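**Q** Give me a 3D structure for the following:
(4 chains)
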Protein chains: 2
Amino acid sequence: MNIGQAASASGVTAKMIRYYESIGLIAAAVRTQAGYRVYSSEDIHALRFIKRARNMGFSMDEARELLALWRDKTRASADVKSFALKHVRELEAKIAELQAMAQTIKHLANNCHGDDRPDCPILADIADVTPQRKAANGNGKSKRGTQDHADCSCDDAAPAAPQKH
Amino acid sequence: MNIGQAASASGVTAKMIRYYESIGLIAAAVRTQAGYRVYSSEDIHALRFIKRARNMGFSMDEARELLALWRDKTRASADVKSFALKHVRELEAKIAELQAMAQTIKHLANNCHGDDRPDCPILADIADVTPQRKAANGNGKSKRGTQDHADCSCDDAAPAAPQKH
DNA sequence: GCTTGACCTTACCACGATGGGAAGCTGCAT
DNA sequence: ATGCAGCTTCCCATCGTGGTAAGGTCAAGC
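**A** Model prediction:
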């Protein structure tokens, strides 16, 4: 099997297969005399494994660890499970972060007329995080009987921080 | 105000301020004779605006658009609102994606003994997604949103697509 | 044979957003 | 005047993926 066939058999692009090889995620492929990479069905299996792990949101490094666990016939299932659950916690942390962002914006949008007037609490809030003012949006329409839950401008306090990488 | 002070006043690192300038997100700062950048409180305001937008998960390009809207005194609030809600939809799509991944893994973990025996359905599933389809996926292009989910071998598999990068 | 086109090879660039660091200049306080 | 903190520019790295260029290889058709 050449790399193109391996790619369509595994769902991993040829480009990525070479990349995985270059970073040592998979072993260097056997080559033909002409230098073409050759793949066995076992290789395809590993590629599909990696693809699946990536689809579940594991990073390449985590995929590497999973591969190692997979190949280690003596690993304890507890190890795999705790690894998996750790990843679940990370996913959930990210989910919470995104939800906080969405919540903040939805809240602001709720207070925005959305008509052709320029007055907009969304921009007002982004621009003026400082508490206190933001009273500007109170006029008319009054779909907001509720307190404006003043700290939707609670930026740093809120879990809506950008992730670094 | 020098860049360091602007950085601590805005919460954006000096490094990033220079970067924002280099990509045209903010105007080139005035310079002293010695070449030092000088910032006004208006500049700080813009920087804080950008920071807040980023905290809400807007990309730099989106932040750029928001800035433009902010500066355009005649924009319609409806424009801002639809922009914001579009972002909310994107956030929610991502959330759903992550939730599907977490769900898949949690489900697998539930079926894992988690003891010291090697037998583990988590790895078994990742390794053996159940053959059959998925190879094809026709000619490249395959946009991001395409299925190709993590199909958990158990019936309640959920769509867990990978995030772009 | 020879040409063509699909496939392979390596190598480099790009993204988005951020951090790190080097090498050199400036400003201020001792 | 010496030293140090802060500023400048420039380059590199990240992470995962795509693009592209320049060239080698293979199989099929003439």
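
**Q** Pretty sure A:Tyr19 sits in a helix.
**A** Yes - counting by DSSP: H, G, I helix; E, B strand; the rest coil, A:Tyr19 is found in a helix.

**Q** Do you know the pLDDT at it?
**A** Model confidence at A:Tyr19, expressed as pLDDT, equals 96.

**Q** number of nearby residues for it?
**A** By other C-beta atoms under 10 Å in any protein chain shown, the residues close to A:Tyr19 number 14. In short, each C-beta sits where N, CA and C put it, glycine included.

**Q** do A:Glu42 as well
**A** Here the count is done by other C-beta under 10 Å, and A:Glu42 has 8 residues near it.

**Q** contacting residues around it?
**A** For A:Glu42, the contact set (C-beta atoms under 8 Å, 6 or more residues apart in numbering or on different chains) is empty.

**Q** Helix, strand, or coil at the spatially most central residue of chain A?
**A** Nearest to the centroid of the C-alpha atoms of chain A, with distances taken as C-alpha atoms, centre = their mean, sits A:Gly57, at 6.7 Å. Secondary structure of A:Gly57, reduced to three states by three-state DSSP: coil.

**Q** wait, isn't it in contact with A:Leu91?
**A** Yes - counting by C-beta atoms under 8 Å, a contact exists between A:Gly57 and A:Leu91, whose distance comes to 5.8 Å.

**Q** which residues do these two both contact?
**A** With contacts taken as C-beta under 8 Å, 6+ apart, the residues that reach both A:Gly57 and A:Leu91 are B:98, B:101-102.

**Q** Now, those that are in helices?
**A** For these, membership in helices holds for B:98, B:101-102, with DSSP state H as the criterion.

**Q** Which strand or helix spans the residue lying farthest from the centre of chain A?
**A** Of all residues in chain A, A:Gln33 sits farthest from the chain's C-alpha centroid, using C-alpha atoms, centre = their mean; the distance is 41.3 Å. With secondary structure defined by DSSP states H and E, A:Gln33 is part of neither a helix nor a strand.

**Q** how much space is there between it and A:Ala7?
**A** Summarising the geometry, the distance separating A:Gln33 from A:Ala7, computed by C-beta to C-beta, to the nearest Å, is 22 Å.

**Q** A:Arg117 now?
**A** Counting by C-beta to C-beta, the separation of A:Arg117 from A:Ala7 is 54 Å.

**Q** Compare those two (neighbour count), which wins?
**A** For A:Arg117 against A:Ala7, the residue with the higher neighbour count under other C-beta under 10 Å is A:Ala7, and the figures read 23 against 13.
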